[in-house]
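>>> I would like to see how this sequence folds:
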Amino acid sequence: MTIAQAVRSHLRNKPYLLEALEKGIVNLSELSRQIQRELKIGNTSAIKAALRRFSEELQRHRQKREERVLQLLKRSSIAIYDRKSVMITNREMDAKSGMKVDLLGKFVYLMDRSDLPERISALVKHENCTMAVIHSPEDLEATPGVVAFLTTLLAEQNINMIEFISCWTETIIVVEKKDSLKAYEVLSNIVG
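This next block holds a predicted model:
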């Protein structure tokens, strides 16, 4: 295995370093020294050269990936639904409306707040939520990075997602009511 291959292999499972290399915000000399110690390779110049080439490659791929994601999201639309609830139970219940996800012994329900049953034992219950539904073209499934882009975008604004479901052309994001306006502002700036 060449030094370049060893460096790439070493970095593959370090997403924080990959992101820093993609953004070009890492000190290559210091990272070379750290990798030298971790991999016990004697030539820091070769490590640094491998890092520089890998970083440039990552930056090119990131830019292309981000452009594809943004183009797809510009062709998408967003709808907001208020007064939603999320409930997680140990037992299946008879829900007349909403969505149910069976998680092998746990059941997640997403429904209107008014449809919540009063006498069910819930493991977790969020009663005052807002649901954003992003409807995208069918090529959503073949576009890597959309989910990562959306979740990172919201996380950077300190918006917590209570639930996140991505199915075919629909991306469903559930947030607490207090975060709904901020989430809508962030998402509507890139969607549609």
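>>> Over stretch 105-112, what's the mean pLDDT, rounded is fine.
Stretch 105-112 carries an average pLDDT of 90.
>>> same question, stretch 128-137
The predicted model gives stretch 128-137 an average pLDDT of 96.
>>> Okay, buried residues for that stretch please.
For stretch 128-137, the neighbour count (16 or more other CB atoms under 10 Å) marks 129-132, 134, 136 as buried. Placement of C-beta: from N, CA and C, glycine included.
>>> and for that stretch, what are the contacting residues?
Counting by CB atoms under 8 Å, 6 or more residues apart in numbering, stretch 128-137 makes contact with 72-73, 75-86, 110, 113, 146, 150, 162, 169-177, 179-180, 183-184, 187, 191, all of which sit outside it.
>>> From the buried residues of stretch 128-137, which land in strands?
Using DSSP state E, the members of those that fall in strands are 129-132, 134.
>>> Which of these sits closest to residue 6?
Within these, the smallest distance to residue 6 is 40.5 Å, found for residue 134 (CB to CB).
>>> ok, and the closest non-adjacent residue to that closest one?
With CB to CB, 6 or more residues apart in numbering as the criterion, residue 134 has its nearest non-adjacent residue at 4.3 Å, and that residue is residue 171.
>>> So which elements touch the least confident helix or strand in the chain by mean pLDDT?
Of all helical and strand segments in the chain, the minimum by mean pLDDT, DSSP states H and E falls on strand 99-102, at a mean of 88. Helices and strands touching strand 99-102, as assessed by 3 or more CB pairs under 8 Å, 6 or more residues apart in numbering; DSSP states H and E, comprise strand 107-112.
>>> Please consider this matter closed, and thank you.
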